[in-house]
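[1] Provided below are the primary sequence and the corresponding predicted coordinates.
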Amino acid sequence: MFRGLQRVDATWLALIGLAIATVLLAQLLPGGATANAVLLTFAAIKGRRVVLDYLDLRAAPPIWRGLVTTWLLSVLAFAWVASAIALVI
């Protein structure tokens with residue numbers, strides 16, 4: 001990225017950019033399952049960056065990275081399914 005930029009700084013910039021994109025897209029996208037999927041994808045990317053760089057799971061054994069990533073994705077999948085059901089009901 002930028003010369004001399006640490007990984008944590010790059011993650012911070014990515015988190016700020018994704019947060020701004022989330023707010024903008026939430027206003028621009030029409031409501032629905034696809035819009036929810038896009039916004040939850042941003043949440044998954046942000047969550048993974050936080051887990052890897054701020055919780056330092058990048059240095060942890062692969063099993064822990066896998067378990068935490070699986071947990072994160074399952075929570076987001078549950079949120080998407082719940083929002084899709086709410087749209088149908």
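    Structure received.
[2] low-scoring stretches of the protein, by residue?
    1-4 (pLDDT under 70).
[3] which stretches of it form helices?
    Residue ranges of the helices in the chain, as given by DSSP state H, are 7-28, 33-49, 62-88.
[4] So which elements touch the longest one?
    Under the contact criterion of 3 or more CB pairs under 8 Å, 6 or more residues apart in numbering; DSSP states H and E, helix 62-88 touches helix 33-49. Where C-beta positions appear, they are placed from N, C-alpha and C, glycine not excepted.
[5] Show me which positions of the helix it packs on end up buried.
    36, 38-40, 42-44, 46-49 (16 or more other CB atoms under 10 Å).
[6] Equivalent analysis for stretch 49-66, please.
    Going by neighbour count (16+ other CB under 10 Å), the buried part of stretch 49-66 is 49, 51-53, 57, 65.
[7] Let's have the residues you listed in a markdown table, adding distance to residue 14.
    Formatted as a markdown table, the buried residues of stretch 49-66 follow (distance: CB to CB, whole Å):
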| residue | distance to residue 14 |
| --- | --- |
| 49 | 6 |
| 51 | 13 |
| 52 | 11 |
| 53 | 9 |
| 57 | 16 |
| 65 | 18 |
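[8] how about the nearest residue to residue 31, chain neighbours excluded?
    In space, and not counting its chain neighbours, residue 31 is closest to residue 87: 7.6 Å by CB to CB, 6 or more residues apart in numbering.
[9] Counting neighbours, what do you get for the one you found?
    The criterion is other CB atoms under 10 Å. On that basis, residue 87 has 11 neighbouring residues.
[10] Roughly how far does it sit from residue 75?
    19 Å (CB to CB, to the nearest Å).
[11] Would you agree residue 35 is in contact with residue 22?
    No. Using CB atoms under 8 Å, residue 35 is not in contact with residue 22; the gap is 11.1 Å.
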